[in-house]
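Undergrad: Any chance you can model this:
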Amino acid sequence: MIRILVVDDELVSRKKMAKILNALGKVKEAETGNGAIKAFSDAIDAGEPFDLVSLDVGLPDLNGTDLLVELRDLEAKVVTPGYKPVKILMVTAHSDRDTVLTSIQAGCDEYVVKPFTSDLVMRKLRQIGFLSKEGDRSKGSKPNVNPLLDPKNNPWS
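TA: Presented below is the predicted three-dimensional model:
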């Protein structure tokens, strides 16, 4: 079963993303950065790490980019043979170039600007190899390669 963590302090946005992603697997929600760290760490400790994290940039207790770095650090401590790095989808109302580049440099796989739709989220998940064309988690997906790092996909080129 695919395990998903949705982190957003805005209730409506969090519930909307959870509803979209619920079709893919088991969704857990967190409304703060500290709550996300606990959920992420607990999942690793239980041997059931998350496959996908939807992460809001603007959280009340911790900057989303700092949280992203923290999640990647937690993940790096438990890498085992066959482990697939969690896919991280940054979600925010901030679409300025600096915010996007900072998120990419911190280790996100893709970026979604609010307001988002189900179609947009699914398209982004396909772009990062999380979903196959049929909507299932790809079995033989390529390593984490951020499509935004490809110059032909850079909206500011």
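
Undergrad: where do the helices sit along the protein?
TA: 11-22, 33-45, 64-76, 97-106, 118-127 (DSSP state H).

Undergrad: What is the distance between the fourth one and the centre of its chain?
TA: Same thing as helix 97-106. What separates the centre of helix 97-106 from the centre of its chain is 14 Å, taken as C-alpha atoms, centre = their mean, to the nearest Å.

Undergrad: what does the first one give?
TA: Helix 11-22 sits 13 Å away from the centroid of its parent chain (C-alpha atoms, centre = their mean).

Undergrad: Now do the same contact list for the closest residue to Gly64 other than its chain neighbours.
TA: Excluding the flanking residues, the one nearest Gly64 by C-beta to C-beta, 6 or more residues apart in numbering is Val57, at 3.7 Å. Using the backbone N, CA and C atoms, a C-beta is placed for each residue, glycine as well. Val57 is in contact with 63-65, 90-92, 94, 99, 103, counting by C-beta atoms under 8 Å, 6 or more residues apart in numbering.

Undergrad: Let me have the helices of the chain in a markdown table, extended by mean neighbour count, distance to Ile4 and mean pLDDT.
TA: Formatted as a markdown table, these follow (neighbours: other C-beta atoms under 10 Å; distance: least, C-beta to C-beta, whole Å; pLDDT from 0 to 100):
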| stretch | mean neighbour count | distance to Ile4 | mean pLDDT |
| --- | --- | --- | --- |
| helix 11-22 | 17 | 5 | 96 |
| helix 33-45 | 18 | 10 | 95 |
| helix 64-76 | 18 | 13 | 92 |
| helix 97-106 | 16 | 19 | 84 |
| helix 118-127 | 16 | 10 | 95 |
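
Undergrad: Out of the ones you listed, flag the one nearest Pro85.
TA: Closest of those to Pro85 is helix 64-76, at 6.4 Å (criterion: C-beta to C-beta).
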